[in-house]
Each structure stands twice: as C-alpha cells, then as structure tokens.
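Visitor: structure, please.
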Amino acid sequence: MERAMYFRQQAEVLLGISRATIDLGVARRLRILAAEFQAKADELEDAETDFSDMPVGRRGSSSGEMDRH
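Guide: Numbers count the residues shown, from 1 in each chain. As a prediction, this is how the structure comes out:
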C-alpha cells in the first residue's frame, strides 16, 4: 500500500509541475508520466488485493489447521 501511495503522490507532483510550466510539450510529457505513475499505483493495489483473497491457513487450509496424511 505504501508503494502505491508513493506513486500516487509523485503523480500529483508531476501534474502540479505540468500546470506550472508554460512549455506545452513539457506539460504533455509530465501528464503522460503522471498517468503512468497512476497506472503503476493501480497495478500495485490490484496485486495487493489478489493476495488478500488467499487463505490464511497452512497448505491451503482456511481454518489454519495442518493437513494430515
């Protein structure tokens, strides 16, 4: 979660700089980079969500008990 938040914060910084510059080419590139940072943050959050659905127990047991053979 911290890594995703980092990328979102950096995207906001880039967007702020893009609004402050008078060079339209630079502003465009900064917005593109900000969008890439947002996409990376989304990717990190999605990966974290995928792991949260996994069982907590050992060897696939959702109750936390060890499977006996």
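Visitor: dihedrals phi and psi, Ile22?
Guide: Backbone torsions for Ile22, taken as degrees, to the nearest 10, come to phi -100, psi -10.
Visitor: where does the residue most central in space within the chain fall, secondary structure wise?
Guide: Closest residue to the average C-alpha location of the chain: Ala41 at 2.1 Å, with C-alpha atoms, centre = their mean. Per DSSP states H and E: Ala41 is located in helix 24-52.
Visitor: how about that helix: buried residues?
Guide: For helix 24-52, burial by neighbour count (16 or more other C-beta atoms under 10 Å) applies to 27, 30-31, 33-34, 37-38, 40-41, 44-45. For every residue, glycine as well, the C-beta is placed using N, CA and C.
Visitor: could you say what helices and strands the helix or strand of the chain with the lowest mean pLDDT packs with?
Guide: Lowest by mean pLDDT, DSSP states H and E among the helices and strands of the chain is helix 24-52, with a mean of 91. Under the contact criterion of 3 or more C-beta pairs under 8 Å, 6 or more residues apart in numbering; DSSP states H and E, the helices and strands touching helix 24-52 comprise helix 2-20.
Visitor: and the helix it packs on, what does it pack against?
Guide: helix 24-52.
Visitor: any idea how far the helix it packs on is from the chain center?
Guide: 7 Å (C-alpha atoms, centre = their mean, to the nearest Å).
Visitor: and it with helix 2-20, angle?
Guide: Helix 24-52 runs at 160 degrees relative to helix 2-20, counting by axes from the mean of the first three to the mean of the last three C-alpha atoms, to 10 degrees.
Visitor: numbering from 838 from now on, please.
Guide: Fine by me, first position is 838 from now on; the one you just mentioned is helix 861-889.
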